[in-house]
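Participant: Sequence and predicted structure, then a few things I'm wondering about:
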Number of protein chains: 2
Amino acid sequence: MTTNRQCRLIARPVGIAQAEHFAIVDGASIEPADGELRVRNRFLSVEPAMRGWIADMGNYSAPVEIGSVMRSLAVGEVETSRHPDYSPGQIVCGWFGWQERATISAQQVVRIVRESDLPMSLSLGVLGINGVTALLALSKIGEPKAGETVVVSTAAGAVGSAAGQIAKILGCRTVGIAGGPDKVRSCLEDFRYDAAIDYRNGPIDAALAEACPEGVDVYYDNVAGPISDAVYRRLAVNSRVIVCGTASVPDWSDWPIGPRVERHLLRQRARMQGFVIFDHMAEYEAAIARLADWVRSGVLAYREDILDGIEACPDALAGLYRGENAGKRLIRL
Amino acid sequence: MTTNRQCRLIARPVGIAQAEHFAIVDGASIEPADGELRVRNRFLSVEPAMRGWIADMGNYSAPVEIGSVMRSLAVGEVETSRHPDYSPGQIVCGWFGWQERATISAQQVVRIVRESDLPMSLSLGVLGINGVTALLALSKIGEPKAGETVVVSTAAGAVGSAAGQIAKILGCRTVGIAGGPDKVRSCLEDFRYDAAIDYRNGPIDAALAEACPEGVDVYYDNVAGPISDAVYRRLAVNSRVIVCGTASVPDWSDWPIGPRVERHLLRQRARMQGFVIFDHMAEYEAAIARLADWVRSGVLAYREDILDGIEACPDALAGLYRGENAGKRLIRL
């Protein structure tokens, strides 16, 4: 029998899942039934949104069950197929979970990866849910116009770095907010932000005022919390806030409080809107084609933070929330 | 010389302006110069937004200067005209201030009132800035669809009652939130809300859940604060929040805190947007024509709360914030 090591969720955390909430187990690799296929995973994704998938509270997806393989996107080759649309050797990306091998139905495949000139790992980052989220949320909610100022939080992260660069491609002035000198340097050097602000240096109001003298036209927000409160105070008239993530708020089961936003929105006729990529899957392929062209022409850079082996899974999410990754975090198997 | 009693702002309040922040003075009625006209005011408007016009802080209009006539909309007849577009006896509505007579330039006229079959006072309420605000904010931000649930705060007020009835005309199920049994009765009897909730009866969560079993699709908000916090918790997927006013928050100079909204917006892909009528004056006449038709056909009801004489001005705004008015508050001269 083919081996299949898995990382399972074994306890429901309060707040961010830590290493002890997961266990590595030797699972079985099931033979595909009719209509199914088996994939040999090569890269597993680690996403901030996993916090929401794990939490046992209202969210936009059902919580991962205790004892089951941790839900995740992954990319790898088809090993065995009993489905007419798939054949061995094809590279596929989809909901394959934190495990070495996944026996799945075709519904779990997000797409066949056809960009054979580019690394397959990109289909979990800049050519995957992160890049597509950045492009579609920025276009649909942000509606950036050339010459506008776009501020991005978690600016060096997988979604943020793509959002900042796409805004730049569209002719905007870009300002990144990130934690620590390495990420700030990455914003400026890797992702070509016009300015970058280190939120670990204390309140960012003065730096933000200096970087955005005309105010903030678009705020691509992945964090919420005090960083966002400071950006709200700088919103320009008719500005747009994309609520894409709330990474800085460790727990919403005890609902956090903060400065009320209504007066900012009213005074500046500003708009604030939540974005969930799963509502927009019909546009996934078209978005990837556009992103791949930008990667090939060198205007859309990416960074990957690769951990090796299934053993790296349990602490990978907690590490993301500790801010230790530089770029899209992946597990290579 | 023609007499002209005026109500002037004599001190800058912290929070809501009270009677002592105003004074009634015998002012002069100036003869119109070339290009000007003099209007004999018949009704003066009292608006919640006056708080913002008086406040000495960032707002969407310059603050009323100390010692000057209180800024307000008013309606009355042209007494003397030295402008080719206006002639004595015409009814005009505009920025004429809290005074008996106004000598003004044509830029201060919002419109000539041509609905001679309807009371001229309506041009300060349902056929004025309140009705137009309700119609345009609801259409542009709320985008209500037939069958959706629309919740309105200050539901029996000048803007709220129009918003609720317009949503009903557009085929929505309407739920009003108002303070006290008289206003709740007015919501149900005068403004035909499908349900009405009294926020003075303690937390509204249970009543809201009962009135909105499928959640809230559109929230027309004039208050912010704890009432709105409760509505945010019931937002449906893809819902829209119109931030039209923040009447329940007495003061924004010491910025208030409350439950953070980001997670609601993200989870429900909801949108929250500020609306200021002055951005949309190009659509004013078309909106009034539509509103007037609804008034004539009896589907758009209104209530007026009329105080008599210029002496009523100083306490009129404070009384509005005490919630003592039933319908659009006006001063009749």
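Facilitator: Yep, that arrived.

Participant: and the residue lying closest to residue A:329 once chain neighbours are set aside, how far is that from chain B?
Facilitator: Nearest residue to residue A:329 in three dimensions, chain neighbours excluded: residue A:46, at 4.1 Å (C-beta to C-beta, 6 or more residues apart in numbering or on different chains). Just so you know, the C-beta spots here come from the backbone N, C-alpha and C atoms, and that holds for glycine as well. Separation of residue A:46 from chain B (C-beta to the nearest C-beta, to the nearest Å): 20 Å.

Participant: Residue A:46 - how many residues pack around it?
Facilitator: A count of neighbours around residue A:46, defined by other C-beta atoms under 10 Å in any protein chain shown, yields 24.

Participant: ok, now residue A:280?
Facilitator: 16.

Participant: now it: how far from chain B?
Facilitator: 10 Å.

Participant: Could you pull up phi and psi at that residue?
Facilitator: Here is the backbone geometry of residue A:280 (degrees, to the nearest 10): phi -130, psi 30.

Participant: contacting residues for it?
Facilitator: Residues counted as contacts of residue A:280 (C-beta atoms under 8 Å, 6 or more residues apart in numbering or on different chains) are A:132, A:136, A:140.

Participant: The first one contacts residue A:292, doesn't it?
Facilitator: No: here residue A:132 lies out of contact with residue A:292, judged by C-beta atoms under 8 Å, at a distance of 11.1 Å.

Participant: more crowded one of these two?
Facilitator: Per other C-beta under 10 Å, whichever of residue A:132 and residue A:292 has more neighbours is residue A:132, with 25 against 20.

Participant: didn't the residue nearest to residue A:329 look like it was pressed against residue A:324?
Facilitator: No: proximity of residue A:46 to residue A:324 does not meet the contact threshold set by C-beta under 8 Å, at 11.3 Å.

Participant: For residue A:111, which three-state class applies?
Facilitator: strand (DSSP: H, G, I helix; E, B strand; the rest coil).

Participant: ok, how many other residues are close to it?
Facilitator: For residue A:111, the neighbour count with other C-beta under 10 Å is 17.

Participant: Tell me the spacing between it and residue A:288.
Facilitator: 8 Å (C-beta to C-beta, to the nearest Å).

Participant: Also residue A:275?
Facilitator: In terms of C-beta to C-beta, residue A:275 sits 17 Å off from residue A:288.

Participant: about what we covered before: ok, so of the contacts of residue A:280, who is nearest chain B?
Facilitator: residue A:140 (10.6 Å; C-beta to the nearest C-beta).

Participant: dump the residue contacts of residue A:109.
Facilitator: Applying C-beta under 8 Å, 6+ apart to residue A:109 gives the contacts A:37, A:86, A:92-94.

Participant: let's go with 7 Å and repeat that
Facilitator: By C-beta atoms under 7 Å, 6 or more residues apart in numbering or on different chains, the contact set of residue A:109 is A:92, A:94.

Participant: Repeat that for the one 10 residues further on.
Facilitator: Residue A:119 makes contact with no residue, according to C-beta under 7 Å, 6+ apart.

Participant: looking at this, residue A:219 is in a strand?
Facilitator: Yes: checked against three-state DSSP, residue A:219 lies within a strand.
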